[in-house]
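K.L.:
Just need the structure, nothing else, for what follows:
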Amino acid sequence: MTTYSLEQRKTIYSRELAAYTLRQWTAVRRTIDAQNADENAITDAMRKVYLASAKTQSPTKSLASGRSTSSGPSGARVMRSGDLSPERGDTRKGSTESDNIPNH
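P.N.:
Residues are numbered from 1 along each chain as shown. I've put the predicted structure just below:
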């Protein structure tokens, strides 16, 4: 069995700790880089979808109010102040659940 001096044990421990710390740092760094890559890919995809939809969509005319409406970045319909009514799902204070059901 080999016996190490105190200085040798300190050196060995220091190297083992440095190697362990480097492995931990590398693992965390890879995780962060992968998350950033995923977020960038999602952001780029969303930007491409938005730009593609912006090229193909033009403002439409609202039949009930006669006002122009358009789609926002997420494709959601942008509503103007005159567009709220029970038939369109008005959820303002005081409306009831039955008010939100479209009349067909």
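
K.L.:
now residue 24: how far from residue 33?
P.N.:
From residue 24 across to residue 33, the span is 15 Å (CB to CB, to the nearest Å). (Glycine included, C-beta is placed from N, CA and C.)

K.L.:
Quickly list the domain ranges of this protein.
P.N.:
1-56, 59-104 (automatic domain parsing).

K.L.:
looking at the ones you listed, which has the lowest confidence?
P.N.:
Ranked by mean pLDDT, the domains of the chain bottom out at domain 59-104, which scores a mean of 52.

K.L.:
what are the ranges of the strands in the protein?
P.N.:
Taking DSSP state E as the test, the strands found in the chain are 60-61, 68-69.

K.L.:
Now for residue 33, how many residues are close by?
P.N.:
By other CB atoms under 10 Å, the residues close to residue 33 number 10.

K.L.:
And for the one 4 residues further on?
P.N.:
Per other CB under 10 Å, the neighbour tally for residue 37 reads 10.

K.L.:
what's the distance between it and residue 2?
P.N.:
46 Å.

K.L.:
Return the distance of residue 53 relative to residue 46.
P.N.:
11 Å.

K.L.:
Oops, could you answer that again for residue 24 instead?
P.N.:
33 Å.

K.L.:
ditto for residue 30
P.N.:
25 Å.

K.L.:
Perfect, I'm done here.
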